[in-house]
Structures are given as structure tokens and as C-alpha cells.
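A.B. asks: Please work out how this folds:
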Amino acid sequence: MIIIFLIILFNFFQKLNKIVNMGYDHRLTQIYGYCYPQGYGFIKEVKKKYKLRNIKTINFDDFAQSDFFLDNPNYKYLKEYKILINYDPSGKNSFLLDGYKILYNKEKCFLIKNG
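C.D. replies: Here you go, the predicted model:
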């Protein structure tokens, strides 16, 4: 009886269905968002499109940094690139883009390069 209660309480069958029918990246994008809140989808797209690793990410909302989506301890950080997540150029937390070129932008996420 307790096992049945726990299965219903924790939506076991719905969660099992998601694990079986959705891919790993799709599940992580649902949890961490494409751009909001932590930019998982955007970071994966940048990683695939530009073949970049170990880029410093800056999240302009009150969420943890997303560096761990790209980090690989075998590589050094690419200091000339940055990923801005939840960035609003007209907002109060403006990041000075002077000296940076916007390489890619989608929603409120930006890939920028120094120089």
C-alpha cells in the first residue's frame, strides 16, 4: 500500500515516460532552459556550431553560472570569448560591449568575442 502511494505521490510513471521517450539534451533543455534560466540550449548550440569549449559564461539573472555545461578540465579557458545569458543591453546590469563583437545572438543570449 505504501509503495503504491509513493508511486502516485512522486508521479513515477510520468517521470519514467519522460526518461524513456525524451533524449538527454531535450530533458536538460527543459530543466535549464534554452536561454532562461541558465542557457543550456544556447550553450549546447554554440558548442556544436562554433566548436568552442571552456568559455566563461555570465548570467545576468540570479542563477548559478553555466560554465559547467562547457567545461572540460583538459582545455584552457578561451579568454577572448564570453557567453552572456539573460542579457538585456538596455537593462540596469549592462555589460560594456566595447571592444567585443557579437558573433551569435538568440533571445537574450549572446556569444561575444574580444576584438
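
A.B. asks: what about residue 82, how many neighbours?
C.D. replies: 17 (other CB atoms under 10 Å). (C-beta placed from N, C-alpha, C; glycine too.)

A.B. asks: Buried residues of stretch 25-43, list them for me.
C.D. replies: Using 16 or more other CB atoms under 10 Å as the test for burial, stretch 25-43 gives 28-29, 32-43.

A.B. asks: Out of the residues you listed, which sit inside helices?
C.D. replies: 28-29, 32, 40-43 (DSSP state H).

A.B. asks: Relative to residue 102, which of those residues is nearest.
C.D. replies: Ranked by distance to residue 102 (CB to CB), these are led by residue 42 at 13.3 Å.

A.B. asks: Let me see the contact set for that closest one.
C.D. replies: Residues near residue 42 by CB atoms under 8 Å, 6 or more residues apart in numbering: 34-35, 83, 85, 106-107, 109.

A.B. asks: Quick check: chain neighbours aside, which residue is closest to it?
C.D. replies: Using CB to CB, 6 or more residues apart in numbering and skipping residues adjacent in sequence, the residue nearest residue 42 is residue 109, 4.0 Å away.
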